[in-house]
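Chemist: structural data only, the sequence is not supplied:
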């Protein structure tokens, strides 16, 4: 029990990896752990794409915004909402070929995400490191093309995987008091918000300004706090509108908006 919590509470995003392959038996073990995640109706409407081929990783690199761990990690895992497999079974069973709508995509994406977290925890328990890639969803149309995904399959989450070649400092997390609501939702006062984000504001700005490139970007943009870094530099409204349009375009093309 103690080891489980030590693994859980020591999670770090690993961006630098040793030049050491992940043994097949270890990979199989952690992928099996993924399949034991909770699943809606036990349908398991997801697939996991294991990418180790250097050429395919290079092709995926721009879709993942040229993040170095995509090609430097020995393994890249992409978790997809997948109703293609089940729809083939439905057809063979003379059953209605449902699951071609947005609700089905949501069910598949939740199951895929649950499976991914099981794999992530199992990987860390085996001494491996991972780094989730938010670009998997943002670039899901291009990733679908590269990974040759058929209709009713959409990339949702993914991460790099390998043996860590760094030990980053643990990142701050909001307190339980900030996140937990008892019985019903209790809204926040101005003082609550200031207290909740005080430490994150301090540590976040400290971390960003420690990186010369990011500090230069912050100084040039004249942002003065972490909230502005998030909304003016990292996650702008225009970028999120574009990504939203891209995701819905992918869902339409992959048959999830019928």
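Modeler: Yes, it's here. None of the values given here were measured: they were computed from a predicted structure.

Chemist: ranges for the strands of the stretch 1-150 of the chain?
Modeler: Under the criterion DSSP state E, counting those that start in this stretch, the stretch 1-150 of the chain contains strands at 46-51, 75-82, 129-132.

Chemist: can I get those in JSON lines with mean neighbour count?
Modeler: (C-beta placed from N, C-alpha, C; glycine too.) Listed next are the strands of the stretch 1-150 of the chain as JSON lines, based on neighbours: other CB atoms under 10 Å:
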{"stretch": "strand 46-51", "mean neighbour count": "19"}
{"stretch": "strand 75-82", "mean neighbour count": "25"}
{"stretch": "strand 129-132", "mean neighbour count": "22"}
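
Chemist: right, and those - which one's nearest residue 106?
Modeler: Closest approach to residue 106 among the strands of the stretch 1-150 of the chain is made by strand 75-82 (8.2 Å; CB to CB).

Chemist: list the contacts for the closest residue to residue 129 other than its chain neighbours?
Modeler: Spatial nearest neighbour of residue 129, excluding adjacent residues (CB to CB, 6 or more residues apart in numbering): residue 14 at 3.0 Å. Shown in contact with residue 14 (CB atoms under 8 Å, 6 or more residues apart in numbering): 69, 129-131, 160, 162, 164-166, 168.

Chemist: give me the buried subset of the residues you listed.
Modeler: By neighbour count, with 16 or more other CB atoms under 10 Å, these hold 69, 129-131, 160, 162, 164 as buried.

Chemist: of those, just say which sits nearest to residue 243.
Modeler: The shortest gap between residue 243 and any of the buried ones among the contacts of residue 14 belongs to residue 131, at 19.4 Å (CB to CB).

Chemist: roughly how far does residue 246 sit from residue 135?
Modeler: From residue 246 across to residue 135, the span is 11 Å (CB to CB, to the nearest Å).

Chemist: wait, what's in contact with residue 110?
Modeler: residue 40.

Chemist: can you do 10 Å?
Modeler: Contact analysis of residue 110 by CB atoms under 10 Å, 6 or more residues apart in numbering lists 38-40, 45-46, 81, 156.

Chemist: per-residue confidence at it?
Modeler: We note a pLDDT of 98 for residue 110 in this prediction.

Chemist: how many residues are close by residue 203?
Modeler: 14 (other CB atoms under 10 Å).

Chemist: can you name the residues that contact the nearest residue to residue 167 once chain neighbours are set aside?
Modeler: Nearest non-adjacent residue to residue 167, counting by CB to CB, 6+ apart: residue 12, 7.2 Å away. Contacts of residue 12 were listed using CB under 10 Å, 6+ apart, and they are 124, 129-131, 164, 166-171.

Chemist: how close does residue 12 get to residue 249?
Modeler: Counting by CB to CB, the separation of residue 12 from residue 249 is 34 Å.

Chemist: do residue 59 as well
Modeler: Taken as CB to CB, the span from residue 59 to residue 249 is 20 Å.

Chemist: with residue 15 instead?
Modeler: Per CB to CB, residue 15 is found 30 Å from residue 249.

Chemist: which of these two has more residues huddled nearby?
Modeler: Using other CB under 10 Å as the criterion, residue 15 and residue 249 rank with residue 15 on top: 17 against 13.

Chemist: with adjacent residues omitted, what lies nearest to the more buried one?
Modeler: Distances taken as CB to CB, 6+ apart put residue 69 closest to residue 15, at 4.7 Å, once the chain neighbours are dropped.

Chemist: for the strand or helix carrying residue 218, name the packing helices and strands.
Modeler: Under the criterion of DSSP states H and E, residue 218 resides in helix 212-221. Packing partners of helix 212-221 (3 or more CB pairs under 10 Å, 6 or more residues apart in numbering; DSSP states H and E): helix 190-210.

Chemist: pull out the buried residues from the helix it packs on.
Modeler: The neighbour-count check on helix 190-210 (16+ other CB under 10 Å) flags 196-197, 200, 204-205, 208 as buried.

Chemist: state which strand of this protein is the longest.
Modeler: As assigned by DSSP state E, the longest strand anywhere in the chain is strand 153-162.
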